[in-house]
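**Q** Next one to model:
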Amino acid sequence: MVIKLDFYKLFSILTRFFSFLTPHLLLILIFILNLILRKKFIGILTILLFSSSAFASYILIPMNTEQQNHLKAYGIAYWALTENVEVDWLLNYKGGSFAIKYIKAIQDECNIRGVSFDVIADAQYTAILNQIADPQKNMDIAKLEKAPKIAVYSPKSKAPWDDAVTLVLTYAEIPYDVIYDSEIMDDKLLLYDWLAPSS
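**A** Next up, the predicted model:
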């Protein structure tokens, strides 16, 4: 007996349970499931359904010459942190790349902001981590978990384009507050994780 499933219904169900998959991988999975269901290989189906880690992937944001917009790339890393998504900062790997667990919203944001990126398989990322762990390589990994609250020490009269620091942060789409002497006297400095001097 051939099991028939409506394609769109199957796509909707799998989208819910395999939300981490790219649409391309999801379509491949549906095709394989369709073949399996037709041939009634229930054992293989079970293995596929419970081996979802094989389809896991990462967004790799290079920071070397492959990157077309370095400042916006820093903004993507910051934005991911504000969305409670951890970011791996791969120090000295491709210029200090960022790696983020694949989420379609982050991929979309990279496209919107013009940031270069690659979607890589979990096995590829493991190989990168092994390369970084090699003591012969001058590389390391820093796990970023929280978006820092940033303040820029600058007179309030200055416009963002009058100062290199605020200009860079504004372009990178990294939020910040401008504070000056009065805020420091009022102990407002304690509210921030990082203070940048104006240029």
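**Q** Excluding chain neighbours, what is closest to residue 64?
**A** On the basis of C-beta to C-beta, 6 or more residues apart in numbering, the spatially nearest residue to residue 64 that is not a chain neighbour turns out to be residue 95, at 3.5 Å. Every C-beta, even on glycine, is put in place using the N, C-alpha and C of the backbone.
**Q** State the distance from residue 58 to residue 79.
**A** Look at residue 58 and residue 79: by C-beta to C-beta, to the nearest Å, they are 16 Å apart.
**Q** Contacts only, for residue 179.
**A** Listed by C-beta atoms under 8 Å, 6 or more residues apart in numbering, the contact partners of residue 179 are 151, 152, 153, 154, 188, 189, 192, 195.
**Q** Looking at the residues you listed, which one is closest to residue 109?
**A** Minimum distance to residue 109 across the contacts of residue 179 is 23.8 Å, recorded for residue 152 (C-beta to C-beta).
**Q** What lies in contact with the one helix or strand the closest one maps to?
**A** When secondary structure is defined using DSSP states H and E, the element that contains residue 152 is strand 150-153. Strand 150-153 is contacted from outside by 163, 165-166, 169, 174-180, 184, 189, 191-198, using C-beta under 8 Å, 6+ apart.
**Q** Pull up the per-residue confidence for the residue nearest to the spatial centre of the chain.
**A** Centroid check for the chain by C-alpha atoms, centre = their mean gives residue 100 as the closest residue, at 3.4 Å. What the model reports for residue 100 is a pLDDT of 98.
**Q** host element of it?
**A** Taking DSSP H and E as the definition, one finds residue 100 inside strand 97-101.
**Q** Tell me which helix or strand comes right after the worst-scoring helix or strand of the chain on mean pLDDT.
**A** Across the helices and strands of the chain, mean pLDDT, DSSP states H and E gives its lowest value to helix 42-49, namely a mean of 48. Note on helix 42-49: by DSSP H and E, the next helix or strand toward the C-terminus is strand 57-61.
**Q** Going along the chain, name the helices of this protein.
**A** Under the criterion DSSP state H, the chain carries helices at the ranges 7-17, 23-39, 42-49, 70-82, 104-113, 122-133, 164-172, 181-185.
**Q** Contact partners for residue 197?
**A** 152, 153, 165.
**Q** make it 7 Å
**A** By C-beta atoms under 7 Å, 6 or more residues apart in numbering, the residues touching residue 197 are residue 153.
**Q** And stretch 178-194, how far out from the chain middle?
**A** Distance of stretch 178-194 from the chain centroid (C-alpha atoms, centre = their mean, to the nearest Å) equals 30 Å.
**Q** Could you tell me which residues within that stretch count as buried?
**A** By 16 or more other C-beta atoms under 10 Å, the buried positions in stretch 178-194 come out as 178, 179, 180, 183, 192.
**Q** swap in stretch 61-77?
**A** Taking 16+ other C-beta under 10 Å as the criterion, stretch 61-77 shows 61-63, 67, 69-77 as buried.
**Q** Over to stretch 109-117?
**A** Of all the residues in stretch 109-117, those buried under the rule 16+ other C-beta under 10 Å are 109, 110, 113, 115, 116, 117.
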